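For reference, the sequence and a predicted model appear below.
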Amino acid sequence: MPKRMSGTSGKSKPQRVAEEVARAVGAGRAVQLDTVDFGDAKRPKTCLEVDFPILPVNQVASIEGNAGKPIYQMSKWWARRRSSVFRSLLLAASMKAPDDSSQAAKAVWDVYYANHQKKRSFAKLKVADIFMGGGTTVVEGSRLGMQMFGNDLNPVAWFVVKTELAQVKRAEVEALLADIEAEVKPQIMPFYACRGPHGEHGKWTRLSDGMEMDQNFDPLTLQPAERKKFKYEGPEIIYVFWAKHGPCQVTGCGHRTPVMSSPVLAVKELSIKAWAHECKACKVAFDVEESEARMAPDVPLVLAADESRFAVLPKNGKLSCPSCGAVEPFPALGKATKKKVSLSLLVHPQWLQGSPSKDERGEALGGSAVDDQEASARWERIRASALRLIEVRGTLPEHVTCPETGVTFSTTVGTVPKKSHYACGACGTVQDILTTVKASGTTGPIAPYAIQAYSPMRDRDGVAYGGRYFLPADDARATACAHREWQERRESDLADYWPRSELPYGFMTHMNNGGLPNHGFTHWSTMFNSRQLLVNALLLKAITEVGGDKYGWEVREYVLAAFQQYLRNQNMFTIWNPQRDTPEPMFSNNNYHPKATSIENCVFPNSDEALADLRWLPPRDARLECVTMGLVSNDWLRYAGPDDCERSQREERKSQRRRPSPSWRPARLRICDRAKPARDGDV
């Protein structure tokens, strides 16, 4: 909470600073400006034709580029330009230039932050953006009070701009989101509940009588209709880490090797409070740390050579020396200091060696996008059985020895000896990834190797890393059950809610990066694993159906815009950025580059502030900010039908808001996955 200041009517210092800045730049000040008659060939010049405030606009654009306005976070759009540039250009192009041409740039900048709608200076100006794209021109012009017309051949552009400027009420959007969560979360919670550190388990409660289930209760055995009868509280999955495996094409081998350039999975520097202490028995100095500084508390820990000894502040009042093991009563520690703890999480080389393509009975293993549930379940069980993670504290050395297996391995060498190649873990042959995957006729088999989860209890206890933690993905039951349920429901109640079409032919899909079909990505659905397809289909169905007539299509479309943005984070092209300790969504780079390792996201994580950006639509999401910011208060804004342009020329009075033409039909709603204009009822 911002610190309150005395004698300032209860306003915080940031609030006072914001008010002073707004007053200094004239933010919100209503102004009346002179424009020109663009139908007059002898009209006077506009400011843009004389001068432009390039320096201050550049400064604002630079700041905006690092932050981004909520409305422009509604959807990914290629090469989206800075809104501050468009606002200033529209202003300069509309304002009559002053008699003193040297004052033209200053005249534009002086009213940049002003309110231009109240006195309707630009109310009679009609502006058309015939290639509107992501809608920056349309949005900024509407903010200035102009009559804006937008057009684009791309139906996605139409939908993006339509929802950016949607007239919806925040309360209705929040109510729909709550109903969606109430409908979907119970159905998928068994697939995301997980174990916590040090034996922590979540709590399943039967809602009818409040009875807490015992440890033998298995939520994965519940049918979808039964799951709403139970509530879960406890540790849950945030991310699942998956690795593609290269299928060796050497005759007689067929081994599958995970394609990983390094065994390092994650790195993190934690800040923790500590006290210097000396053992009374052995006289060795060590730090007493306030809480456990770990990324993966349940995996073996290796101390680097440069790392000093430490002990964690005990809860039982007895401190154990890390050198001699002597126990002493809780000492008086004095003043604490902040210290940095460097951590690295690695995958054991045993898992990096990979697995055969058949099990001990000679049955083929799955793992690709088109394999059946049983084959994929066997594959994931075999991969999970060999999985180990190791955590290193301190500066990561070149080699590490696993405390459990005694195996010493390099921390810099993975299975990728050179770009786009991997070395088979069985025969050692170095092969091109694309060549071997293409020869297999499907996507490269994938397997999970790690999970990042969240424990509310650890968060409440103030443990470093904010309640988050890693654990090995050594239990394949949840993914297997999700795969089986998807196979059962994909042609029944979820038949209308997932993309079936092939990838459209184009440069980005069939020529760039070796061609996606050569990687096995022949259809849009192959870009998702089974749990993602199940989750995404359930969300889409709930968006279109939950609440019945309670919600209008304007509200549903607004939430649908959030869903299409969420898809960037819930597919098998999302990657992990270890330096930032966060995922990077699909299209972070503008291509379909297939990934060797990818991240599966969660859906409804715990609503803790630190994790709010991880859910599919958090309560403080940018889309809700848009509703409250008054971004569409322009009276002239319309969505023009085919006959509206001629009518607008006849009408000089205030135009009336219209629904888009063709209008939405609630019968069918699909993800737009075609490279051609959408049909009526499609997005």
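Structure's in. What do you need?

check which helix or strand covers the spatially closest residue to residue 50 that is not a sequence neighbour.
Sequence neighbours aside, residue 104 is the residue nearest to residue 50 in space, at 4.1 Å (criterion: CB to CB, 6 or more residues apart in numbering). Bear in mind the C-beta positions are built from the backbone N, C-alpha and C, glycine included. Under the criterion of DSSP states H and E, residue 104 resides in helix 104-110.

tell me what the next helix or strand after that helix is packed against?
In the C-terminal direction, the helix or strand that comes right after helix 104-110 (DSSP H and E) is strand 126-129. If contacts are counted by 3 or more CB pairs under 8 Å, 6 or more residues apart in numbering; DSSP states H and E, strand 126-129 sits against helix 136-143, strand 147-150.

Ok, which of those comes nearest residue 280?
helix 136-143 (68.0 Å; CB to CB).

tell me the mean pLDDT over the closest one?
Helix 136-143 carries an average pLDDT of 94.

C-alpha coordinates for that helix, PDB please?
Extracted C-alpha coordinates of helix 136-143, given in PDB (Å, rounded to 0.1, in the frame of the first residue of the first chain):
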ATOM      1  CA  THR A 136      -4.300   2.100 -33.200                       C
ATOM      2  CA  THR A 137      -5.600   4.800 -35.500                       C
ATOM      3  CA  VAL A 138      -9.200   4.000 -34.800                       C
ATOM      4  CA  VAL A 139      -8.800   4.000 -31.100                       C
ATOM      5  CA  GLU A 140      -6.700   7.200 -30.900                       C
ATOM      6  CA  GLY A 141      -9.100   9.000 -33.200                       C
ATOM      7  CA  SER A 142     -12.100   8.000 -31.200                       C
ATOM      8  CA  ARG A 143     -10.300   9.300 -28.100                       C
END
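
which residues of the stretch 301-450 of the chain fall in strands?
Assigned by DSSP state E, counting those that start in this stretch, the stretch 301-450 of the chain shows strands spanning 301-303, 310-312, 318-320, 327-329, 337-347, 389-393, 399-401, 408-410, 421-423, 430-432, 446-454.

For the protein, give me the ranges with low pLDDT.
Low-confidence segments of the chain (pLDDT under 70): 1-9, 66-68, 606-683.

Name the residue closest to the centre of it, please.
The centre of the chain sits closest to residue 569, judged by CA atoms, centre = their mean, with a distance of 4.3 Å.

that's a strand at residue 286, yeah?
Yes. Counting by DSSP: H, G, I helix; E, B strand; the rest coil, residue 286 is part of a strand.

what's around it, how many residues?
Using other CB atoms under 10 Å, the number of residues around residue 286 comes to 20.

unless I'm mixing things up, it is touching residue 321, no?
Yes. Using CB atoms under 8 Å, residue 286 is in contact with residue 321, at 7.1 Å.

which neighbours do those two share?
Residues within reach of residue 286 and of residue 321 at once, by CB atoms under 8 Å, 6 or more residues apart in numbering, are 279, 311.

Leaving out sequence neighbours, find the closest residue to residue 152.
residue 132 (4.9 Å).

Next, the contact list for the one you found, please.
Contacts of residue 132 (CB under 8 Å, 6+ apart): 138, 150-152, 157, 161.

which of those count as buried?
138, 150, 152, 157, 161 (16 or more other CB atoms under 10 Å).

Quickly note the distance from residue 371 to residue 365.
Using CB to CB, to the nearest Å, residue 371 is found at 8 Å from residue 365.

what residues do those two have in common as contacts?
379, 445.

wait, isn't the residue nearest to the centre of the chain in contact with residue 601?
Yes. Judged on CB under 8 Å, residue 569 makes contact with residue 601 at a distance of 4.8 Å.

Pull the contacting residues for residue 262.
Residue 262 touches 411-414, counting by CB under 8 Å, 6+ apart.

Without its sequence neighbours, what residue ends up closest to residue 141?
Closest to residue 141 by CB to CB, 6+ apart is residue 148, at 4.4 Å.

Roughly how far does the one you found sit from residue 80?
Taking CB to CB, one finds residue 148 at 17 Å from residue 80.

Between those two, tell me which one has more neighbours.
Applying other CB under 10 Å to residue 148 and residue 80 shows that residue 148 carries more neighbours, namely 28 against 14.

Please go through this protein and pick out the longest strand.
strand 264-278 (DSSP state E).

How many residues are close by the closest residue to residue 157 other than its chain neighbours?
In space, and not counting its chain neighbours, residue 157 is closest to residue 133: 5.5 Å by CB to CB, 6+ apart. Per other CB under 10 Å, the neighbour tally for residue 133 reads 20.

let's number from 34 now, not from 1
In the new numbering, first residue 34, that becomes residue 166.

So residue 166: helix, strand or coil?
Criterion first, three-state DSSP; result for residue 166: coil.

isn't it right up against residue 183?
No. With contact defined as CB under 8 Å, residue 166 does not reach residue 183; the gap is 9.1 Å.

returning to what we had before: which of the strands of the stretch 334-483 of the chain is buried the deepest?
Highest mean neighbour count among these (mean count of other CB atoms under 10 Å): strand 479-487, with a mean of 25.

partner strands of that strand, parallel or antiparallel?
Next to strand 479-487 in the sheet, as set by DSSP bridges, lie strand 269-280 (antiparallel), strand 501-505 (antiparallel).

Off-centre distance for the helix or strand just after it?
Following strand 479-487 in sequence order, the next helix or strand is helix 489-493 (DSSP H and E). A distance of 23 Å separates the centroid of the chain from that of helix 489-493, by CA atoms, centre = their mean, to the nearest Å.

now stretch 381-401
Per CA atoms, centre = their mean, the centroid offset for stretch 381-401 relative to its chain is 31 Å.

Any chance you could give me it in PDB, C-alpha atoms only?
Only the C-alpha atoms of stretch 381-401 are listed here, as PDB (Å, rounded to 0.1, in the frame of the first residue of the first chain):
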ATOM      1  CA  HIS A 381      20.000 -35.600 -14.300                       C
ATOM      2  CA  PRO A 382      21.900 -37.100 -17.200                       C
ATOM      3  CA  GLN A 383      20.200 -40.400 -16.600                       C
ATOM      4  CA  TRP A 384      17.000 -38.800 -18.100                       C
ATOM      5  CA  LEU A 385      18.900 -37.000 -20.800                       C
ATOM      6  CA  GLN A 386      20.000 -40.400 -22.200                       C
ATOM      7  CA  GLY A 387      16.400 -41.000 -23.400                       C
ATOM      8  CA  SER A 388      14.400 -44.200 -23.800                       C
ATOM      9  CA  PRO A 389      13.700 -46.800 -26.500                       C
ATOM     10  CA  SER A 390      10.800 -46.500 -28.800                       C
ATOM     11  CA  LYS A 391       9.300 -49.700 -27.500                       C
ATOM     12  CA  ASP A 392       8.600 -51.000 -24.000                       C
ATOM     13  CA  GLU A 393       9.900 -54.300 -22.500                       C
ATOM     14  CA  ARG A 394       7.000 -56.200 -24.200                       C
ATOM     15  CA  GLY A 395       7.900 -54.900 -27.600                       C
ATOM     16  CA  GLU A 396       4.900 -52.500 -27.800                       C
ATOM     17  CA  ALA A 397       5.400 -49.200 -29.500                       C
ATOM     18  CA  LEU A 398       5.400 -46.200 -27.300                       C
ATOM     19  CA  GLY A 399       3.500 -42.900 -28.000                       C
ATOM     20  CA  GLY A 400       4.100 -39.300 -27.200                       C
ATOM     21  CA  SER A 401       3.400 -37.600 -30.500                       C
END
